[in-house]
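Asks: Need the 3D shape of this:
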Amino acid sequence: MALATVGLGSNAGASSAALVLAVAAIGELGTIIGESSVYRTAPQGGPEQGDYLNQVVLLETEFPAREFLAELQRIEDAAGRTRSVRWEARTLDLDLIMYDQL
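Replies: Presented below is the predicted three-dimensional model:
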C-alpha cells in the first residue's frame, strides 16, 4: 500500500462542486485518510482569471505511481479539464504531490 498526497484546484465552473466530486472519485482509488479544508487562493501567472479553490487529500492506494497519475488525469478529463492554453483557468486540476517518498 502506498501513501499518496494529491493537490486539488478549480477556478472555472462550479468549483466547490468539482472539488467534492473529485474527492469522491479519488476515494475510489484507495482509502482517504485525511483531507484539508478548502482554501481560496489567487492565481499566479497566466491569463486573467478568478481565484482558485484548493484542497489536499491524503490516501492509501494500491495503484502503482504511474497508473495512479493516469487515474487522476482521467478524473480531470471527466470534469471537463482542457489543456489548450498554458496556465488557463481549470475546471479541475489534480496534482500528485507525493507518492510514498517520491
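
Asks: the helices in the chain, which residues?
Replies: 15-27, 65-78 (DSSP state H).

Asks: how about JSON lines for the ones you listed, with distance to Val38, mean neighbour count and mean pLDDT added?
Replies: Every C-beta, even on glycine, is put in place using the N, C-alpha and C of the backbone. Shown next, in JSON lines, are the helices of the chain (distance: least, C-beta to C-beta, whole Å; neighbours: other C-beta atoms under 10 Å; pLDDT from 0 to 100):
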{"stretch": "helix 15-27", "distance to Val38": "6", "mean neighbour count": "17", "mean pLDDT": "96"}
{"stretch": "helix 65-78", "distance to Val38": "17", "mean neighbour count": "16", "mean pLDDT": "95"}
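
Asks: Which one of these lies nearest to Tyr52?
Replies: Closest of the helices of the chain to Tyr52 is helix 15-27, at 7.6 Å (criterion: C-beta to C-beta).

Asks: could I get the closest one in CSV with only the CA atoms?
Replies: Extracted in CSV, the C-alpha atoms of helix 15-27 (Å, rounded to 0.1, in the frame of the first residue of the first chain):
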residue,chain,number,x,y,z
SER,A,15,-15.5,24.9,-8.3
SER,A,16,-16.9,23.8,-5.0
ALA,A,17,-18.9,21.0,-6.6
ALA,A,18,-15.9,20.0,-8.7
LEU,A,19,-13.8,19.5,-5.5
VAL,A,20,-16.5,17.5,-3.8
LEU,A,21,-16.8,15.2,-6.8
ALA,A,22,-13.1,14.9,-7.2
VAL,A,23,-12.6,13.9,-3.6
ALA,A,24,-15.3,11.2,-4.1
ALA,A,25,-13.6,10.0,-7.3
ILE,A,26,-10.1,9.9,-5.6
GLY,A,27,-11.7,7.9,-2.8
